[in-house]
Each structure stands twice: as C-alpha cells, then as structure tokens.
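S.K.: can't give you the sequence, but here's the structure:
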C-alpha cells in the first residue's frame, strides 16, 4: 500500500510554510538541526522545536488561520511540519463548550470545557500523532510505533492505517481491554508488556535504538509533543482571541501541560492575543500516581518517581514523568496549583460532568474535573476567573472503570401497566 | 436546575429565522400548523415539516451558512427551530474523509466517509436530538424521552443533562451494556423493556399519550427527523457545494435515509448546488433485520415487518420501519439499491474500515460499508461514481460485537531479548 504522503487528503488551500527553525535543548540551550532526535548530544537534555517568528505578521496570520481548514492544520505555520506532509485531516478543532450547569453547581461564573473526546480516535492523542506521523513520513520511516497507556495506542494505530505504514504499539498488560481492542482493530501489532507503563516505555526506547522505527513519543517526541500546542491555539481562538484566566489540565508525562503553556506563550509573543500574562496553569494528577503533585506540595525541586502507580486513571499512570520538572516550574511561575484526587473523587467527577454537561469522559477527565472542583472549593480558583478545563479522552473505552456504579434496572414487560408500576 | 433555553450557550451571531412554515401529511398532503404532533388527524398519515423557501436568496444564504457556527446551526434557516432555542452547540459538522486506501482496495476512484462517530455522544443521533430538544423547549415540555436501540438513548440522556430536563429512555433489554451505561451516566432514567425495539417503541408511544412527555422520536418525530438533513447539507458543502453521484446510507426506521434525500432535494430546489438530479440513493440493511431490502428485491409495494430481528447491528434492528415505504420509493426513483449483508460480512467490513481509514465504527457502519463493497463488486456502483458512505456510530460502545475476533497477545517481559524473540 502506498503512503498517503504522495496524495494529500484534500487539496491544501493555504500552503503555509512552517516557522520551525531547529531543535533546542531545554537543559543547556544548544541548537540542533531538525532531525529525528530527542536528546541533546551535548548534555543529554530533552530537545524541543524552536521557531523563527520574525517573518510572521499577526494580522495576516490571524486571517490565514481563520480561513484555514477546520482542524489542527489551520495553525500549520506554528507547527514543525512542511505543507506536503500535512496528511491526517479532521483532527482537532474540537468544541469549547460553555459549561453553564457545571459552573452553577461549582460556584464559578465562566467555565468552559475543551472537549477532546470527539477527535477521530476520541482522545487528544490524535493531535500529537498527526504531527508525529507527518514528520515520520518526512523522515522516511516505514514503521511507526509507540509506548502507550492506551489512548496513544489507538491514535497511532489509526494513523498508521491511514498512512499505510507498519505499526507497533507497546502497552502495559494491565490497560483496559477496550483500549487494546481499539488498537488491534486498526491493524496494529500489539506488544503487551508484563510491567508498568514506564517499563513498556523503556523497552520501546531500546527497540527504537535497535530497529530505527519512528516511535512517536520517543525519537519523534519533540515534534509529537508540539501537537498539544493546538489545544492552546484553539482555546484562544474560540474565546475570540483571548486567553483564559485559569486553566486546569491533566499531568501524565507533563507534555500536554507544558505544551499548552508553550502555545499560550507563543500567542502572546506573536501578538495574536492582546493578553500579556499567561493564565494560571493548574495541573491535575491522581492520588495513585502523583509524583508532580507531591513535589509541588512539598516545594521540592525534583520529582521522586512513583514506582507502582495504582489508579483507575490509567491514562495518567506515568510514574516517571519526562516533563515533570518543567511542569513544576510552570505551575510556580504562573500561580497555578498541582493537585491530586482519589479514585472515588475521580468517579464522582466523571458522573458530575456527564450529568451536567452531557460529556462522558474517561477517568483522566474525572481527575481534571475533580481537581477543578477542589480548587474552586478551596478558593484557589476564584469565582470571577474565566476558567478552561481540558477533557482529553472519552469514557467509552474505559467503561470498566464504572463497573458496579450503576444498578441497571430490571426489565419490565412492554405494557403501560408495568411502566406505571415502575414509576410508582 | 434552570433550562439552558434562557441563556444561549454562545452569543448567536447569525440570527436566522427558520423557513419552516407548517407540518404536511406525507400521505394525504393536508397542512397543519407547527405543533407537537406527528400523525395527521385526517388520515393518520405521518407528518413532516414543510418550508417556504421563497424569501431565501441562494447567494446570501450560502454566505450566511459559510460564516455560521461550526455545527448544525449553520443551516438554521433550513431547520424547524427558532433562533432562541438553538441550544446544543458542537453537534455535527463532522469530517468528510477522502478514503484513499479503501477506495483503492474496493476499486473505485473517489470515495468519501462522512464520519459521524465524532459527534458529542459519538453517533448521528446527536443531530436529530439537538433539533428535537430545541423544539421540546419551545413547546414547554419538562421531560424528554425516547425509545432507542442504544445510540439515541445516549444522545437524549446527554442532551437532557445539558438542558436540565428530566429524561427517560426506553430500551430493549438486549442492547449492548455499553450503550445502557452511557445513558445512565448522563443521569437519565433507564426503562429496560423485556422485548424487541418495536415493543419498547409501542410502550413509549402509550406513555407519550398518557404522560404528555416530549418523546423525541414519537410526538417530536417530525422535527427530530429533520436533523438528519444536515448530513446532506454538510456533505454538499464539504464537496464544494456539489452533490455526490452515489450515496450509501443505513436503513433502520428509514428516517435517516429519507431525510438525507430530502436535504439533497432542498439544496437543488434552493439553488445552493448546480446539480439538477439527486444522487443514486442506496440503502443498507443487515440480513437479520431486512424488511426494506427484502421488499426492494421482491419488487414489493409494501414492507413486511420482521418480527424478531437477529443481527449484531442492534442500531439497525427495527423490524417495522416507520419510513420503510418511503425509503423503497426513493431507492427506485433515484436508481439506488437496497441491499443486505450477513453478520460475518458486517464484522469483516468493520475491520476493513478501521485498518484502511482509521475509523472504528459500530456494526451499523459495518453494514453500510459491506453493502458498499457488494455494490461495487457487482458493478452496481461504477468506478467513476463519486460516492459517499455514511458512518453513523462508533465502535467503542459495541465492543462486545468483536469479542473473540482478536486474540490479544501474551504479555512479554520488558526486555529487548523478549521482544526480539516475539518478532521471530
């Protein structure tokens, strides 16, 4: 099967050259050319994409974005991907839902849910994978792969199918059956690893080195993670090119959280928003896997890994978060808080979101929402702060998390009298 | 909890008055005013909404649509809803994905998948419910309800939650557990009926009469079903205001299929497309519940109900389809075919769609795709026909349908040597 690289999915109307100019080491600041590298060869620090925005005119750029496709590629100049490789259409530009009912219940004036459960494979991972896949095709990889707690497996498998690439996904054997099935149905090879996510990830790193495959969250990580910036761009655009006052986002590896922040920063420096200050960036973790929240509340400088995560929020069960250190810094610099919640609070929050706003999220979304609830209750998010919460995955893949929560009713005979008896 | 009627979810920028002018009986043509009625009081025929398009200028209308919100409300003038009650944002405007890989595999030049699995509750039912809910609020109902094979239950429950209305869903006890759970999580009252969908539906009709609730697919049906027209509008708009040559859509009650056709018809009569002829409208049913396909192949004038549907495509298991007769007429008038496929063909098609296009659909989508495959193979859809297939629901709610289809691999220890052994 030929790759879709040669035949873009749609005629691309807004050929926009990327402003990406290189890779920069987050630790020592050394510059590197764009290549499938993720570690600085001088200090072993993590690399990220850097941009030269000097040629971008904010008025023209805003116009171009608004006329662009209804997916993440409307922000192409701000992503590290060349026009010819923008392959996966239909990813992103998800609804920012004003949460009237939930806001009233929690005691806050203006609350929005960014609902990424409606992406093609129903989690925010489609964003990062779309960027990584485009880059994998540019670099000429014939196999893409990932280590995953579940959602990423589905996103990579679906993207691999669309691109006609060989696809491998490495998952801890403990993830929800629905998430394994969803990767398998797309035709990916599943490698089930008897161990934690961190162990599956370490094995995947070795395989990346040995086999030269494009692991979206390992050797393609600097590009992959840039995809999360689109959550910030969309939020600002959907608010009328304004930043929120406060944000609550989940923290697993910390990549999503740090890149949303990077996205907001770029909007400020580009002049696409009039705001001068970042939102307060609050982060959410499960009590069963809380390395960043613990470091935050202990005012620690470093993250102590959690060896054996035990939480129903499998998507967030990363005990050794690659961007944990940077997440801590962001929370402290922006006046955000990194908080943790129990499994019971998570389930309660999943139900609350569904029953007030009609959004059924996976436990990770429950973590974020339960933290929001806690921060409002403790006065750490004020009533007048315009707040955005990121819901990053849907509840259908993780139905087992709600097992026993609903006593399904006894069937009645199809007669009005039986119904009347039921109503009582 | 107050209804969202009083506080529209977003400032509505394009206040567009609906062109709906009344209800018309599909059987005798009698006109009725807009009201919560679904049956003609002269002949007991089914009512549908009729419009007065004489004041609509196509150039202005197109401009207005293109500047409208990115959901079904961009087509508000063509829907039977007043501006103040357009409440549920974020529904519809789903991707029309060019299916390069699948097209190559099936032997057709230009194939598109309209992917409605990415609606808020992951099926096309969000469209019809959004219209019905708006109307329920206009009419002053305080309770909304439905009879459902599953997807509708989730859509109604979620919409009821957002609107702050009391919500009841009537389902046959045999539906997938995931679909029941998803309605329960939104806080709806579930009425599980020991019987077929048709029996649950009959009970619901009695309850509608007795209790005066707004049943979206019974007394609100004329408005509800109009929501499906947006699938036609979006398809045409996404193809650059052109109609496809051939369409394959699933047939359950026949409402979706007939209303997509109505949508295309309206675009022609409004002059929003230059086309003069309707696409060939082909319909898809499961062999285990095939009343319309059977009537089609027997060249029968009437539909013989299927008393006990037995198919894994529960969403399509309506043995006594309300719009079956009209579906038959449309297929014959447009040169479409109504075809049926077995459960084995359905599962194979679900896998094929996932592994070529990265879209994981429920069995209903497999029905549609398997019929497409059959029609292409038999030369009934020609290679040069620009074809659109409607995928109306996602696979995560119906994982049980694939049970045993994938032998999940044995876990390996997290060591490179174990992986190398696995690769062989």
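M.R.: Nice, I can see it. The structure displayed is predicted, hence computed values, not measured ones.

S.K.: Flag every residue of the stretch 201-350 of chain A that's near chain B.
M.R.: Residues of the stretch 201-350 of chain A lying near chain B by CB under 8 Å from any CB of the partner chain: A:202, A:203, A:206, A:207, A:210, A:350. Any C-beta I mention is one placed from the backbone N, CA and C, and that applies to glycine too.

S.K.: residues touching the closest residue to the fifth one other than its chain neighbours, list them.
M.R.: On the basis of CB to CB, 6 or more residues apart in numbering or on different chains, the spatially nearest residue to residue A:210 that is not a chain neighbour turns out to be residue B:416, at 6.6 Å. With contact taken as CB atoms under 8 Å, 6 or more residues apart in numbering or on different chains, residue B:416 is in contact with A:203, A:206, A:207, A:210.

S.K.: Tell me which other helices or strands the helix or strand encompassing the third one touches.
M.R.: Counting by DSSP states H and E, the secondary-structure element that holds residue A:207 is helix A:197-211. In terms of contact count using 3 or more CB pairs under 8 Å, 6 or more residues apart in numbering or on different chains; DSSP states H and E, helix A:197-211 is assigned the packing partners strand A:143-147, strand A:166-172, strand A:189-193, strand A:214-215, helix B:416-423.

S.K.: related to what we said a few turns ago, who wins for neighbours among the residues of the stretch 201-350 of chain A next to chain B?
M.R.: The residue in those with the most neighbours, by other CB atoms under 10 Å in any protein chain shown, is residue A:350 (29 neighbours).

S.K.: still on that earlier bit, now render the residues of the stretch 201-350 of chain A next to chain B as CSV, adding pLDDT.
M.R.: Shown next, in CSV, are those (pLDDT from 0 to 100):
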residue, pLDDT
A:202, 93
A:203, 96
A:206, 94
A:207, 95
A:210, 93
A:350, 97
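
S.K.: Now do the helices in the stretch 251-400 of chain A.
M.R.: With helices called from DSSP state H, counting those that start in this stretch, the stretch 251-400 of chain A shows them at A:255-270, A:291-297, A:324-334, A:343-357, A:363-377.

S.K.: So which residues make contact with the first one?
M.R.: Just to be clear, that refers to helix A:255-270. A:51, A:53, A:56, A:58, A:61, A:78, A:124, A:128, A:221, A:225-233, A:236, A:243, A:247, A:249-251, A:273, A:275-279, A:281, A:283, A:322-323, A:326-327, A:330, A:334, A:390, A:392.

S.K.: filter those to the buried ones?
M.R.: Buried by 16 or more other CB atoms under 10 Å in any protein chain shown: A:51, A:56, A:61, A:78, A:124, A:128, A:221, A:225-233, A:236, A:243, A:247, A:249-251, A:273, A:275, A:278-279, A:281, A:283, A:322-323, A:326-327, A:330, A:334, A:390, A:392, out of those.

S.K.: So which of those residues sit within strands?
M.R.: Among the buried ones among the contacts of helix A:255-270, the members found in strands (DSSP state E) are A:51, A:247, A:249, A:250, A:281, A:283, A:390.

S.K.: sorry, back to before: biggest separation within the residues of the stretch 201-350 of chain A next to chain B, which pair?
M.R.: Farthest-apart pair in these is A:210 and A:350; separation 39.9 Å (CB to CB).

S.K.: what inclination does the helix holding residue A:207 have with respect to helix B:416-423?
M.R.: Using axes from the mean of the first three to the mean of the last three CA atoms, to 10 degrees, the inter-axis angle of helix A:197-211 relative to helix B:416-423 is 70 degrees.

S.K.: Residue A:87 is in contact with residue A:73, correct?
M.R.: No - here residue A:73 does not reach residue A:87: they are 9.4 Å apart, not a contact under CB atoms under 8 Å.

S.K.: Pick out whichever of these two has more residues nearby.
M.R.: More crowded of residue A:73 and residue A:87, by other CB under 10 Å: residue A:73, with 27 against 22.

S.K.: Helix, strand or coil: sort out that one for me.
M.R.: helix (DSSP: H, G, I helix; E, B strand; the rest coil).

S.K.: List just the nearest of the contacts of residue B:416 to residue B:29.
M.R.: Comparing the contacts of residue B:416 against residue B:29 with CB to CB places residue A:207 closest, at 68.8 Å.

S.K.: ok, now which ones touch the residue nearest to residue A:211 when sequence neighbours are not counted?
M.R.: Among residues not flanking residue A:211 along the chain, residue A:143 sits closest, at 7.5 Å (CB to CB, 6+ apart). By CB under 8 Å, 6+ apart, residue A:143 lies in contact with A:165, A:166, A:167, A:168, A:211, A:213, A:214.

S.K.: Mind checking which of those residues are buried?
M.R.: With burial judged by 16+ other CB under 10 Å, the buried subset of these is A:165, A:167, A:168, A:213, A:214.

S.K.: Just to be sure, residue A:113 is in a strand?
M.R.: Yes - under three-state DSSP, residue A:113 falls within a strand.

S.K.: so what's residue A:113 bridging to?
M.R.: Residue A:113 has these beta-bridge partners by DSSP bridges: residue A:97, residue A:389.

S.K.: Surely it touches residue A:389?
M.R.: Yes - contact criterion CB under 8 Å: residue A:113 and residue A:389 qualify, at 5.6 Å.
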